[in-house]
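Asker: return a 3D structure for these sequence lines:
(one chain, ligands or ions: 1)
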Amino acid sequence: MRSLLLILLISSVCIACERSAQENSNSNNSASAPVDNSAGSPNNNNSSDLAVVDEPLAEDELPSSGTIEVDNPWIRMVPSVSPNSAAYVSISNGTEESVTLTGISSQLADRIEIHNVEVDAAGTMSMFEIDSLEIEPDSTTVLEPSGAHIMIYGLKEPLTEGEMVTMMLSFDNQPPIPVNFSVK
Ligand SMILES: [Cu+2]
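Answerer: Okay, the predicted model is just below:
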């Protein structure tokens, strides 16, 4: 029964994820339409220059920072009736030693766990708690929808779209890092 509930929950999270990805791409399309209409204007050239500048460096070109860095931290917006949500973030280990994420704490919720997902032979995805998540030296571990994630149980207050929520990431051999997650 418990695992059935988990499966239902992860499927609804995945469906919500796909829907929001679709909405994003739709809104991107409509936002870019006016630019297409003004083809040949100087603005058009500027935007393509910017696109080149914005292109992220390949992972192996990133300078070694010597520290732990996070990118794109966000929490999934859920309706106020939903007590649970999930959070995602990319964690880069710029140190020369392997670093292990050991936990997440916040006033936001009753319980926060690190989860991973697996797909069985029938293609059914389920999620399960893991004690920790290792990040190799000079590498980035991405927590993302349909992959490893931060599971949030028992929200103390409903989430508000656009708000920032601080959660503390703890590691085995590094000081804890406070991270501002944006609700979206
Ligand atoms: Cu989960």
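Asker: need the helices for this structure, in chain order.
Answerer: Ranges of helices in the chain, per DSSP state H, are 2-37, 42-54.
Asker: where among those is average confidence lowest?
Answerer: Set side by side, those differ in mean pLDDT, and helix 2-37 is lowest with a mean of 42.
Asker: which residues of this structure lie near the ion?
Answerer: 115, 127, 151 (C-beta under 5 Å from the ion). Where C-beta positions appear, they are placed from N, C-alpha and C, glycine not excepted.
Asker: ok, Asp71 - contacts?
Answerer: If a contact means C-beta atoms under 8 Å, 6 or more residues apart in numbering, then Asp71 has 89-90, 92, 140 as its contacts.
Asker: would you mind checking those residues for buried ones?
Answerer: 89, 92, 140 (16 or more other C-beta atoms under 10 Å).
Asker: can I get the buried part of the residues of the chain next to the ion as one ChimeraX selection?
Answerer: Buried residues within these, by 16+ other C-beta under 10 Å, are selected in ChimeraX with:
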select :115,127,151
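Asker: from the residues of the chain next to the ion, which land in strands?
Answerer: 115, 127, 151 (DSSP state E).
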